[in-house]
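**Student:** Sequence plus predicted model, see below.
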Amino acid sequence: MPALHAAAAELCARHAVEIPAGAAPEWVHLVPAGRFGGVDGRGPYSLDDAAAVIAASTADGRPLAIDYDHATDLAAPQGRPAPAAGWIEELEAREDGIWGRVTWTPTGAEALQNREYRYLSPVFVHTKAGKVVQLLRAALTNNPNLRQLQALQHSTGDRSTMDMEELLRQLRAALGLPEAADTAAVLQAAKTTTTTAARLPAIAAAAGLAQTASADEIVTAVQASRDPARFVPAEQVTALQSQLNALTTQLAEKEATAAVDAAIQAGKLAPSLRDWGLSLHKRDAAAFADFVAKQPAVIRPGASGPAGDPPPADGGLTAAETALCANLGISPDDFKKSREA
């Protein structure tokens with residue numbers, strides 16, 4: 001967790017243990033059991049609860065990196081590369097401390113086989129009293145410092161330190177955790193909080209707020225949106241929609257009837273085509289209006305021809321009816337059937 005690591009960086013120790021000659025080992029010794037210290041007087045440190053340290057170290061489920069010469073801590077902050085020589089995939093508590101199962105990169109394995117590096121230096125977080133609480137990573141190195149582990153330890157210079165227990169206490173309070181919450185619980189809560197904070201802009205936008213809105217502003221907006229007074233029951237919405245549809249249908253029927261009857265009265269539509277006219281108007285009122293505008297006034301109400309002439313004795317069409325069929329694209333036979341009906 002970056003926030004925790006940044007605050008606890010002052011209490012990180014780096015040690016080194018010699019790696020046996022030969023092929024890169026699958027399991028390596030990372031933290032010794034009991035108390036241990038450095039030749040330069042640093043320490044003593046203690047591994048009191050290996051299981052708790054392993055739980056805190058693997059809380060995020062990711063493997064721990066093994067770099068070269070502590071590049072992650074020394075080179076990366078300056079923008080220089082910090083490639084991995086291997087990855088610690090599993091931690092195991094044994095009688096002599098904590099061991100790790102490593103998957104080496106081809107370059108890392110070759111460096112060990114060529115004896116380019118002879119020591120493995122784990123980096124761990126400890127309290128001001130020296131209690132080891134979390135393993136962060138490890139590094140290949142050739143500059144050991146601690147006698148017990150032939151360890152390397154990097155100086156913190158004149159920077160101030162914070163007791164790990166005090167840091168955990170403050171983190172528990174900030175995250176709303178109980179005082180009994182262990183390091184793993186603190187790390188998980190901090191990770192969740194960081195993820196949620198990263199999503200706040202998107203959540204604010206979804207709530208109709210500016211992306212810079214605070215968490216309190218988002219909560220207020222969401223609570224306001226759930227005010228029952230601002231909503232209509234679904235049953236009422238359905239009923240209103242049904243009434244609106246019925247009114248719309250009635251209005252369309254009324255408008256179509258008026259337009260078709262007017263066209264018939266104007267002599268632009270045969271009474272026998274009334275149903276067709278209604279259907280066209282309901283489907284496309286503009287198309288019906290365009291049709292009527294283009295038709296000559298040749299049919300008088302109650303008449304078949306332009307002057308009320310009866311149809312020919314042979315049942316054929318009058319001149320006006322023939323012209324109407326041509327304009328409408330209706331076959332004479334269909335027109336006669338409609339007229340007879």
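**Tutor:** The structure has been received and is ready for your questions.

**Student:** ok, V53 touching T127?
**Tutor:** No. At 11.8 Å, V53 does not count as touching T127 under the criterion of C-beta atoms under 8 Å. In short, each C-beta sits where N, CA and C put it, glycine included.

**Student:** What are the boundaries of the strands in the protein?
**Tutor:** Assigned by DSSP state E, the strands in the chain fall at 12-14, 17-18, 27-32, 34-36, 45-47, 64-68, 84-94, 97-104, 119-126, 132-141.

**Student:** At which residues are the helices of the stretch 51-200 of the chain located?
**Tutor:** In the stretch 51-200 of the chain, helices defined by DSSP state H, counting those that start in this stretch lie at 71-74, 106-113, 164-175, 183-206, listed in chain order.

**Student:** which helices and strands does the shortest one pack with?
**Tutor:** Right, helix 71-74. Applying 3 or more C-beta pairs under 8 Å, 6 or more residues apart in numbering; DSSP states H and E, one finds that helix 71-74 contacts strand 132-141.

**Student:** Tell me what angle the strand it packs on forms with strand 27-32.
**Tutor:** Using axes from the mean of the first three to the mean of the last three C-alpha atoms, to 10 degrees, the direction of strand 132-141 lies 130 degrees away from that of strand 27-32.

**Student:** Show me what strand 132-141 is packed up against.
**Tutor:** Judged by 3+ C-beta pairs under 8 Å, 6+ apart, strand 132-141 is in contact with strand 27-32, strand 45-47, helix 50-57, strand 64-68, helix 71-74, strand 84-94, helix 106-113, strand 119-126.

**Student:** Packed most tightly, which of those would that be?
**Tutor:** Stretch with highest mean neighbour count among these: strand 119-126 (a mean of 25; mean count of other C-beta atoms under 10 Å).

**Student:** Dump the strands of the chain to a markdown table, plus distance to T194.
**Tutor:** A markdown table is the format used below for the strands of the chain (distance: least, C-beta to C-beta, whole Å):
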| stretch | distance to T194 |
| --- | --- |
| strand 12-14 | 20 |
| strand 17-18 | 33 |
| strand 27-32 | 27 |
| strand 34-36 | 33 |
| strand 45-47 | 29 |
| strand 64-68 | 19 |
| strand 84-94 | 23 |
| strand 97-104 | 26 |
| strand 119-126 | 18 |
| strand 132-141 | 17 |
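
**Student:** could those strands be laid out in CSV, adding mean pLDDT and distance to A263?
**Tutor:** Shown next, in CSV, are the strands of the chain (pLDDT from 0 to 100; distance: least, C-beta to C-beta, whole Å):
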stretch, mean pLDDT, distance to A263
strand 12-14, 52, 92
strand 17-18, 63, 102
strand 27-32, 90, 95
strand 34-36, 86, 105
strand 45-47, 90, 99
strand 64-68, 95, 85
strand 84-94, 95, 85
strand 97-104, 94, 86
strand 119-126, 86, 91
strand 132-141, 91, 88
